[in-house]
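J.: attaching a predicted model along with its sequence, questions to come.
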Amino acid sequence: MQKSIEIVLSPLLLPLVDLKGKAVVVIDILRATSTICAALHNGASSVTPVLSVDEALQYDKSKYLVAGERNGQKAEGFDFGNSPNEYTPELVQGRKLVLTTTNGTKCILASREADEILVGSFFNLARLSEYLSDREKSVVLFCSGWKNRVNLEDTLFAGYLAQSLSETHTWESDEVELALDLVAKAQYDPIEYLTKASHAQRFARLGNDQDLRTCLQFDRHPVVVKYRGGELIAR
Ligand code: 3SL
């Protein structure tokens, strides 16, 4: 079977792509999909993505840890914000989480037409690439961006993942070429390249510089994350 790669650079472009029969990888490097990989690799039993703060707060706190952010800051009444560094094994082992974020969780929920929904981050790049190489499926790399705008970090990561799938997948796509050009520019130093990203500057204003360095670490949490029955779980 001929397997293809497409890249969606912003949620506004999602309607142009047919997800049916394909695996979609949702990407929100800063920070939702990095946080999800960290939480599940550190032992959380599931992460339920939801759209709103109010919806998250309706979950029973004796069963769920309530997590997420709005505009980069922990929402009121939540147990956790959206920093992967918060989700230590001591705090999340065996726990169910409910998570809502500005962009990433929305994109996961918007991908429901796909055959399979996966979560991508620098943390699980090699593991995810190995998984996708072995599947008989075309792949859509869905960049969450920032409030419908294209961003550098998600596009760069999509480029690394496309590059690592180049022996098993093909493309005819300017989006893929553009993402690969970013990889050629950044080489293997995403931290240096992404200091100019608007979200890096937002982090600097919020005092979140540490999260930028954390989220750009390759293969720190090698886990395949799948959405199934309303929950994200480690496969
Ligand atoms: O938008 C999102 O889903 C978040 O990852 C944004 S933030 O990094 O927590 O600000």
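T.: Yes, it's here. Residues are numbered from 1 along each chain as shown.
J.: what does this structure put close to the ligand?
T.: 28, 30-32, 69, 72, 82, 101-104 (Cβ under 6 Å from any ligand atom). Where you see a C-beta, it was placed from the backbone N, CA and C, and this is true even at glycine.
J.: for residue 12, what are phi and psi?
T.: Backbone torsions of residue 12, given as degrees, to the nearest 10, read phi -70, psi -20.
J.: what number of residues lie near it?
T.: 12 (other Cβ atoms under 10 Å).
J.: for the helix or strand of the chain with the lowest mean pLDDT, which positions count as buried?
T.: The helix or strand of the chain with the poorest confidence is helix 198-206; it has a mean of 89 (mean pLDDT, DSSP states H and E). For helix 198-206, the buried set under the neighbour-count rule, 16 or more other Cβ atoms under 10 Å, comprises 199-200, 203.
J.: and if you look at stretch 94-103?
T.: Neighbour counts over stretch 94-103 (16+ other Cβ under 10 Å) mark 95-103 as buried.
J.: how about residue 100: what's its closest non-neighbour residue?
T.: Distances taken as Cβ to Cβ, 6 or more residues apart in numbering put residue 68 closest to residue 100, at 4.1 Å, once the chain neighbours are dropped.
J.: show me what the helix or strand encompassing the one you found is packed against.
T.: For residue 68, the host element (DSSP states H and E) is strand 64-70. In terms of contacts (3 or more Cβ pairs under 8 Å, 6 or more residues apart in numbering; DSSP states H and E), strand 64-70 is packed against helix 53-57, strand 96-100.
J.: the first one: how far from the chain's middle?
T.: Put plainly, it is helix 53-57. Centroid separation for helix 53-57 versus its chain: 21 Å, with Cα atoms, centre = their mean, to the nearest Å.
J.: output the contacting helices and strands for it.
T.: strand 64-70, strand 96-100.
J.: now do the buried residues in that helix.
T.: Neighbour counts over helix 53-57 (16+ other Cβ under 10 Å) mark 53, 56-57 as buried.
J.: and the residues you listed as a markdown table, adding pLDDT and distance to residue 169?
T.: Formatted as a markdown table, these follow (pLDDT from 0 to 100; distance: Cβ to Cβ, whole Å):
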| residue | pLDDT | distance to residue 169 |
| --- | --- | --- |
| 53 | 97 | 38 |
| 56 | 98 | 36 |
| 57 | 97 | 41 |
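J.: return the member of the residues you listed nearest to residue 150.
T.: Closest approach to residue 150 among the buried residues of helix 53-57 (Cβ to Cβ): residue 53, at 25.5 Å.
J.: roughly how far apart are the closest residue to the closest one other than its chain neighbours and the ligand?
T.: Closest residue to residue 53 apart from its sequence neighbours, by Cβ to Cβ, 6+ apart: residue 75 at 4.8 Å. Residue 75 is 10 Å from the ligand, where distance means Cβ to the nearest ligand atom, to the nearest Å.
J.: cool, and residue 138?
T.: Residue 138 sits 25 Å away from the ligand, going by Cβ to the nearest ligand atom.
J.: so which residues of this protein form strands?
T.: For the chain, applying DSSP state E gives strands covering 5-8, 23-27, 46-49, 64-70, 73-74, 96-100, 116-120, 139-143, 225-228, 231-234.
J.: may I see the buried residues of the strand holding residue 68?
T.: Buried, per 16+ other Cβ under 10 Å, within strand 64-70: 64-69.
J.: cool, and stretch 128-139?
T.: Those would be 128-129, 131-132, 137-139, for stretch 128-139 by 16+ other Cβ under 10 Å.
J.: could you do stretch 40-58 as well?
T.: 40-44, 46-50, 53, 56-57.
J.: now do stretch 2-13
T.: For stretch 2-13, burial by neighbour count (16+ other Cβ under 10 Å) applies to 3-11, 13.
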